[in-house]
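Undergrad: I'll drop the sequence and a predicted model, then ask my questions.
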Amino acid sequence: MLKVKPYKDSDLGKKEQVAKMFDTISEDYDGLNRVISFGIDVKWRKKVVQMVGASNPDTILDIATGTGDLAINLAQTTASQIVGLDISNGMLEVGKEKIKKRGLNSKIEMVLGDSENLPFSDNSFDAITVAFGVRNFETLENGLKEIFRVLKPGGTFVILETSVPTKTPFKQGYNLYTKNIMPFIGKLFSKDRSAYKYLSESASVFPYGEALNNILRKIGFINVEDFPQTLGVATIYKSSK
């Protein structure tokens, strides 16, 4: 296993609120995600796995791994070691149980850590993924710089993130769903009534498409491409170092 620097709660700073929020909703998170996305997020993650797997990576880092859905799916690749990192211990504990049930403890390691201060040395991973996590970075560019640092030259970086449809009537329908229906579903089933309001609001203001592509290029990533999914409600971004 990779050597991981110890993580301290004092390193959280302003990120503590986000960590506590995800701790609170960790037990409901998987089920609510399936309901809110109508299960389409499973299909999106499969596409991420295909993109990452095409480069035959040996080591993969899944940032903002949450309960480990993507990390578990990435076990289908050639990787001998997968590290799932998240700032929420509650989410990681749920993920550890899922990994244990699937007999993947020897392949997947779950690590408590800050995406903007990664506890790994330079050029550590062949591939890095982030699914629905970059919009939660306190400072987006700092997080992306850290990812660039620990990614090996020639390595693959893939982001899966929500985006906003640009065509009518899909844009209007998306806004109605994310601003009204999604938070309402969250209120019905989640312990934290504000959590899904935050998630929908953060998605609506996050840069997507060419705007995020340009940020990735500014950091130093090359071969930047984006692939809108399901009428543009999500986008997969692929780049390399």
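TA: Yep, it's here.
Undergrad: Setting aside sequence neighbours, what's the nearest residue to the most centrally placed residue in the chain?
TA: Compute the mean C-alpha point of the chain, and by Cα atoms, centre = their mean the closest residue is residue 131, 2.6 Å away. Spatially, and ignoring its direct neighbours in sequence, residue 131 is nearest to residue 160 (4.2 Å; Cβ to Cβ, 6 or more residues apart in numbering). C-betas here are computed from N, CA, C, even on glycine.
Undergrad: so how far is the longest strand seen in the chain from its chain's centroid?
TA: Using DSSP state E, we find that the single longest strand of the chain is strand 151-162. Strand 151-162 has its C-alpha centroid displaced from the chain centroid by 11 Å (Cα atoms, centre = their mean, to the nearest Å).
Undergrad: With just CA atoms, put it into CSV.
TA: The C-alpha coordinates for strand 151-162 follow below in CSV (Å, rounded to 0.1, in the frame of the first residue of the first chain):
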residue,chain,number,x,y,z
LEU,A,151,-0.8,12.1,-11.2
LYS,A,152,2.0,10.4,-13.0
PRO,A,153,3.2,11.9,-16.4
GLY,A,154,1.0,10.3,-19.0
GLY,A,155,-1.6,9.5,-16.4
THR,A,156,-5.4,9.8,-17.0
PHE,A,157,-7.7,12.1,-15.0
VAL,A,158,-11.4,11.7,-15.3
ILE,A,159,-14.1,13.8,-13.7
LEU,A,160,-17.8,13.0,-13.6
GLU,A,161,-19.9,16.0,-12.5
THR,A,162,-23.3,17.5,-12.8
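Undergrad: pLDDT of that strand, averaged?
TA: For strand 151-162, mean pLDDT rounds to 97.
Undergrad: Contacts for it next, please.
TA: 44-45, 48, 51-52, 55, 57, 70, 123-135, 147-148, 203, 206, 208, 212, 216, 221, 233-241 (Cβ atoms under 8 Å, 6 or more residues apart in numbering).
Undergrad: Any idea what the residue nearest to residue 131 is bridged to?
TA: Applying DSSP bridges to residue 160 gives these bridge partners: residue 131, residue 236.
Undergrad: how near is it to residue 152?
TA: 21 Å (Cβ to Cβ, to the nearest Å).
Undergrad: These two: who's more crowded?
TA: A direct count of neighbours by other Cβ atoms under 10 Å for residue 160 and residue 152 places residue 160 higher, at 23 against 18.
Undergrad: any idea how far that one is from residue 100?
TA: 25 Å.
Undergrad: where does this structure have low pLDDT?
TA: Applying pLDDT under 70 to the chain flags residues 1-14, 17-18, 21-22, 25-26, 28-38, 173-174, 176-178, 180-204.
Undergrad: Do a quick rundown of the helices in it.
TA: Listed in chain order, the helices of the chain (DSSP state H) span 16-36, 40-53, 69-74, 89-101, 140-150, 170-176, 182-189, 195-205, 210-219.
Undergrad: hmm, back to that, kindly supply the PyMOL command isolating those of the contacts of strand 151-162 that are buried.
TA: To isolate the buried members of the contacts of strand 151-162 in PyMOL, using 16 or more other Cβ atoms under 10 Å:
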select buried, resi 44+45+48+51+52+57+70+124+125+126+127+128+129+130+131+132+133+134+135+147+148+203+206+208+212+216+221+233+234+235+236+237+238+239+240+241
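Undergrad: Would you mind listing the residues in contact with residue 220?
TA: Residue 220 neighbours (Cβ under 8 Å, 6+ apart): 148, 241.
Undergrad: Please report the distance of residue 49 from residue 215.
TA: 24 Å.
Undergrad: With that, I have no additional questions.
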